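> Here is my input, please return the structure:
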Amino acid sequence: MSAEVVSDDVAGMLEEGRHFAKIAPNIVVKVAMSENGLEAISRFAEEGIKTNCTLIFSTNQGLLAAKAGASLISPFVGRLDDINQDGMIVVRELAEIFAIHEIESEVLAASIRNPLQVTQAAMAGAHIATLPFKILQQMVHHPLTDKGIVQFKKDWEGARAAAASKEKAPA
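Reported below is the predicted structural model:
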């Protein structure tokens, strides 16, 4: 569960984040990428508070956030794609850098716009993806699956009807 700080200054971020962290053990404090955000992330890491550095649009930003101690790094894939940049490159590069240097931060692919991007993010090494419920529903469905379910039901009903007529037939 993420809870985002809204303050721009380090003291405000720390106050808000500490408050959020006390609410539940599964709260991750979401901090926007900025110089003050990096300072706050570093301080939260020292205190054992998990953070998600959000609004990542370059590999260097993600690397800085990871080195500051962010638990999660959130490159915004869809927003990069919107400006004609390949957002998946940032995911791939961060996953590769983290593996090479044994950095414990996880890559969270954010701003996912379609089911294909979920697959691409997983193949690029993202540990997590956030996506709208509509995309999750699209991932569940496939025309051949839906057609297959209809056919299975039709076959089952046919088999049941045949078995029932056999039972009723005189011996």
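> burial of A45, as a residue count?
Counted with other CB atoms under 10 Å, residues neighbouring A45 total 15. In short, each C-beta sits where N, CA and C put it, glycine included.
> give me the low-pLDDT residue ranges for this protein?
171 (pLDDT under 70).
> center of it - which residue?
A129 (1.7 Å; CA atoms, centre = their mean).
> Next one: it from V150, what distance?
According to CB to CB, to the nearest Å, A129 and V150 sit 30 Å apart.
> got it, and I56?
From I56 over to V150 (counting by CB to CB), the distance is 43 Å.
> Do you have the helices of this protein handy? List them.
Here the chain has its helices, by DSSP state H, at 10-23, 35-46, 59-68, 77-82, 87-100, 115-124, 133-140, 143-168.
> Looking at those helices, which is nearest to V29?
Of all the helices of the chain, helix 10-23 sits nearest to V29, with 4.0 Å by CB to CB.
> any chance of the helices of the chain in TSV, with distance to V107 too?
Converted to TSV, the helices of the chain look like this (distance: least, CB to CB, whole Å):
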stretch	distance to V107
helix 10-23	21
helix 35-46	16
helix 59-68	7
helix 77-82	10
helix 87-100	5
helix 115-124	8
helix 133-140	18
helix 143-168	29
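> about what we covered before: contacting residues around the residue nearest to the residue nearest to the centre of the chain when sequence neighbours are not counted?
Distances taken as CB to CB, 6 or more residues apart in numbering place A109 nearest to A129, at 4.3 Å, with adjacent residues excluded. Going by CB atoms under 8 Å, 6 or more residues apart in numbering, A109 touches S74, P75, V77, V91, Q117, V118, A121, A124, A126, I128, A129, T130.
> List only those of the residues you listed flagged as buried.
S74, P75, V77, V91, Q117, V118, A121, A124, A126, A129 (16 or more other CB atoms under 10 Å).
> Can you add distance to S7 and give those back as TSV?
Output for these, formatted as TSV (distance: CB to CB, whole Å):
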residue	distance to S7
S74	19
P75	23
V77	27
V91	28
Q117	31
V118	32
A121	30
A124	32
A126	28
A129	28
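> What is the nearest of these to N26?
N26 has its nearest neighbour among those in S74, at 17.0 Å by CB to CB.
> Run through the residues that contact that closest one.
N52, C53, T54, L55, I56, L108, A109, A110, T130.
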